[in-house]
Structure formats: structure tokens, C-alpha cells
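A.B. asks: heads up, no residue letters with this:
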């Protein structure tokens, strides 16, 4: 159920789908929140954007002051703020972390990819964050069912059980 215009992130997949004008444009690999700092699920909107953002560390970080733009800023050089406190999509100074559950809840992207996304998203654009460990599709040419499963990173869903339930529906 993709949006006409917007983003859909699947936490177990550690990836985000970008839609414009009712068409799928691009898939982006992401880093998501680790255990203890889960990325929240739900419906959000883009509420702000910043180039070369300043990072204001949360209290738990035990860092005094803020960190301005540059190589020490964990947000990288782009910030796309979402309508949940302190939740956003941003670049990273640690590109090796992409594809892992390692952040403190935010959504990290490769620097070049977040720059591309930044230029395309608009304030008010919807962002859906979901948790699907299994997806089923149909090959348009052969009609064959295709099933893909992802690790249950937050221990919320049994992929085998979910696959069985979905296949029984189909």
C-alpha cells in the first residue's frame, strides 16, 4: 500500500522506499535503531530540513554543548526531521554502519544518498515506518509467488510464522 508521494521504511529490511507521483523511484539502504533505542513505528511527516545541521546531544549522551557542521557531527551534512521528537533521517560519518541496527533511533543513510533524497523530499511529505519481517509478491511475467524474509531485529515477529500466515492468505 504505497503512498502517492512519500517514504516507506521497513525496519527489519533496513531499507526505505521513495515514491513520487504514484511511482516507485528508489530504494535506500538504512541503519535503524538498536535494541534499547528502537526506531518508532507509525505514520509521520517531514517537518524540517537542514544542510550542515548542528547536533544537540540528548542528555543520555553526556556531551556538553552542541556539535556544529564538520567531520565530528554524527548527523553528517543533511538532516530531514520527522514529526516525532528527535527523530530524523540523516547522513553519517560512519557509512559502514548502514544496513545495521546501530543508531539511537534515527535513520542513517549513506552521505551521497541522503543528499539525493534531501533534494527530493518536501516539508509535509508522509513517512510510514513499519515492521514487516516477510513480504510476498507476484512475478508479473510468470505469476509465480515470491517470498522474502528479514531478520526480526527487535524480536517482535516470527518470520516463519508470518510467512506461513501470509502464504495461507494467498
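C.D. replies: That came through fine. Quick caveat: nothing in here was measured; it's all calculated off a predicted structure.
A.B. asks: can you give me the strands for this structure?
C.D. replies: Listed in chain order, the strands of the chain (DSSP state E) span 6-10, 15-20, 23-29, 32-33, 42-51, 78-82, 88-90, 101-103, 107-108, 126-130, 134-138, 145-149.
A.B. asks: Partner strands of the longest one, with direction?
C.D. replies: Its sheet considered, strand 42-51 pairs with strand 78-82 (antiparallel), strand 126-130 (antiparallel) by DSSP bridges.
A.B. asks: returning to that earlier point: pick the most buried one from the strands of the chain.
C.D. replies: strand 107-108 (a mean of 27; mean count of other Cβ atoms under 10 Å). C-betas here are computed from N, CA, C, even on glycine.
A.B. asks: In terms of secondary structure, what does that one contact?
C.D. replies: The contact analysis (3 or more Cβ pairs under 8 Å, 6 or more residues apart in numbering; DSSP states H and E) places strand 107-108 against strand 88-90.
A.B. asks: which residues sit against the strand it packs on?
C.D. replies: 7, 16, 30, 53, 75-76, 78-82, 106-109, 114, 117, 127 (Cβ atoms under 8 Å, 6 or more residues apart in numbering).
A.B. asks: quick one on the thing from earlier: can you redo the strands paired with strand 42-51 as CSV with distance to residue 162?
C.D. replies: Shown next, in CSV, are the strands paired with strand 42-51 (distance: least, Cβ to Cβ, whole Å):
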stretch, distance to residue 162
strand 78-82, 26
strand 126-130, 13
